[in-house]
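Trainee: Here's my sequence, what's the structure:
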Amino acid sequence: MKQPLIIATLFALMSMTSQAQWLKDVEQDHAVGYGYAVGIPYNISGSSFASQELAYHGRYYLPVSEDFSWGIGTPVSVGTPGPAGLSLSYALALEFDAGMGATMESKKSFGVFGSVGFGSFDMLYLTDDGISIRLDRSTYYGPYLGTGVRLYYRGQPVGLSLNTWRNMNTVLGKVQVISLRLLYGL
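Mentor: Purely as a prediction, here's the structure:
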């Protein structure tokens, strides 16, 4: 029983040491911006919602060539869906980038990107039921998809991103959350 565990551990250690060289080539990119999200229910009894949000997108990537890279992205946003509410969205996604912004060495003036992963769009509301004030949470989690374009605007890298979460939370019913974000590269 212990022998397979020891072999797997040795294999993992050898893999990690062989990968140490390409880990030195990992680059990072960060962007902040503004977004607008809409939740669309699939059934008639569901209620739609909207949220204005402040967004951050961190990206750690490995350049494949001067104008192409793949990596991990962490889009996060905080927003206000109403007078007594807060929205929070986050995801962990595998990203592919081409053209401008794909790598630090890219000289292109236009770029595209796509991402696929798993994420959540949470709605938090303060509820006063007459006895006490409590925080209610609706969690829309599921597969995350994102796509977008990058270009330079007055010398500053700017991205327009379209993101979506497909709800898998059966308690809340089927909901598609769509977010459009304008991001400024740091």
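Trainee: give the contact list for the closest residue to Glu105 other than its chain neighbours.
Mentor: Of all residues not flanking Glu105 in the chain, Glu66 sits nearest, at 5.0 Å (Cβ to Cβ, 6 or more residues apart in numbering). Using the backbone N, CA and C atoms, a C-beta is placed for each residue, glycine as well. The contact partners of Glu66, taken as Cβ atoms under 8 Å, 6 or more residues apart in numbering, are Thr103, Glu105, Ser106, Lys107.
Trainee: moving C-terminal of the longest strand seen in the chain, what's the next helix or strand?
Mentor: Using DSSP state E, we find that the single longest strand of the chain is strand 133-153. Going down the chain from strand 133-153, the next helix or strand is strand 156-166, by DSSP states H and E.
Trainee: buried set for stretch 175-186?
Mentor: Val175, Val177, Ser179, Arg181, Leu183, Gly185 (16 or more other Cβ atoms under 10 Å).
Trainee: which one among these gets closest to Glu27?
Mentor: Gly185 (13.0 Å; Cβ to Cβ).
Trainee: Distance of the closest residue in space to Pro157 that isn't next to it in sequence relative to His57?
Mentor: Among residues not flanking Pro157 along the chain, Gly185 sits closest, at 3.5 Å (Cβ to Cβ, 6+ apart). In this view, Gly185 and His57 are 9 Å apart by Cβ to Cβ, to the nearest Å.
Trainee: Identify the contacts common to the two.
Mentor: His30, Ala31, Gly159.
Trainee: just to revisit the earlier point, in a markdown table: the buried residues of stretch 175-186, plus pLDDT.
Mentor: Formatted as a markdown table, the buried residues of stretch 175-186 follow (pLDDT from 0 to 100):
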| residue | pLDDT |
| --- | --- |
| Val175 | 75 |
| Val177 | 83 |
| Ser179 | 89 |
| Arg181 | 93 |
| Leu183 | 92 |
| Gly185 | 85 |
